[in-house]
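Q: model this:
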Amino acid sequence: MSSPTDLTYSTYLRLDELLSCQSPLTSEHDELLFVIIHQVYELWFKQILHEAERLQATLEAGDAAAALATARRIAKILKTMVGQMDVLETMTPRQFASFRPELGSSSGFQSAQFRCFEAVLGRRDFGKAVIDETLAAIMARRPLFASLLRFLAAAGLAVPEAALNRDPREPLTPDGDVQALLAEVYDQSGEPAEVCEALVDIDEGVQEWRYRHVKMVERIIGAKVGTGGSAGSSYLRATLFRPAFPDLWEVRSRL
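A: Numbers count the residues shown, from 1 in each chain. Sure, this is the predicted structure:
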């Protein structure tokens, strides 16, 4: 064990290990960029999951200030991830095609961390083939919106019992009673409304990332079958504009 005085920038960040994790399969110049961008995305997914766990804990503890700070951090990370698409889009279709055959059956659809993030947001319609122990455990816990409802209840708002006691394994669907509650929250314009808006920022950030992801895929491979045999851009388009928190969007028609 080294002492703190022996610690350096390189050893603290374990740069020797980190920088040895890029192993392109070809000599094509652009493959390194492809590898690094996707590794960086996985690191951001790891951080988002870390932040989301704290966000749910602070919401359920009734700590509005901490919940706001954490939700805003997640939204900023999502903005950063969207911006990284600009870098990936500097790769032309021919440049990607030069190493794409070597990717075999690998595909971004196989990202376990992104599925976990979707589960935290409330998605429950995963195919059985992709549900491992980690994902199953997340799906058995309350999603983020359920933690928001507990925050609102702790703030003295009359959250419908059916919504508070919803089976966490069931997908979220629009609820008129919850929307009536949220309309009351927004009418009061206090901290609870700020927290709700912070979750809308997260939801919008995810939808924005999905949109940029679709356009990046269309720009690079067009309508071809996705890498690894996935449905490619046609599947990605089907995921667009599908909110994680539908009640937070529906309530706008009531205000």
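Q: The stretch 101-250 of the chain: helices as residue ranges?
A: Along the stretch 101-250 of the chain, counting by DSSP state H, counting those that start in this stretch, helices occupy 112-121, 133-139, 144-154, 161-164, 176-188, 191-221, 233-238, 246-250.
Q: rank those helices by mean pLDDT and give me the bottom one.
A: Among the helices of the stretch 101-250 of the chain, helix 233-238 has the lowest mean pLDDT, at a mean of 65.
Q: Looking at the helices of the stretch 101-250 of the chain, spot the one closest to Met81.
A: Shortest distance between Met81 and these, using Cβ to Cβ, is found for helix 191-221: 5.6 Å. Using the backbone N, CA and C atoms, a C-beta is placed for each residue, glycine as well.
Q: Report the contact partners of Ala75.
A: By Cβ atoms under 8 Å, 6 or more residues apart in numbering, the residues touching Ala75 are Ala198, Asp201, Ile202, Gly205.
Q: can you tell me the average pLDDT over the helix or strand where Leu43 lies?
A: Per DSSP states H and E: Leu43 is located in helix 31-60. Helix 31-60 shows a mean pLDDT of 98.
Q: tell me the angle that helix makes with helix 144-154.
A: 20 degrees (axes from the mean of the first three to the mean of the last three Cα atoms, to 10 degrees).
Q: on that earlier part again, in a markdown table: the helices of the stretch 101-250 of the chain, plus distance to Gly83.
A: Putting these into a markdown table (distance: least, Cβ to Cβ, whole Å) gives the following:
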| stretch | distance to Gly83 |
| --- | --- |
| helix 112-121 | 18 |
| helix 133-139 | 27 |
| helix 144-154 | 23 |
| helix 161-164 | 36 |
| helix 176-188 | 30 |
| helix 191-221 | 9 |
| helix 233-238 | 19 |
| helix 246-250 | 24 |
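Q: Quick check: which of these is buried the most?
A: For the helices of the stretch 101-250 of the chain, the largest average neighbour count (mean count of other Cβ atoms under 10 Å) is found in helix 144-154, namely a mean of 22.
Q: Run through who's touching it.
A: With Cβ under 8 Å, 6+ apart as the test, helix 144-154 has contacts from 52, 55-56, 59-60, 62, 64, 67, 120-122, 142, 159, 163-164, 166, 168, 172, 178, 181, 185, 192, 195-196, 199, 202, 244-245, 247-248.
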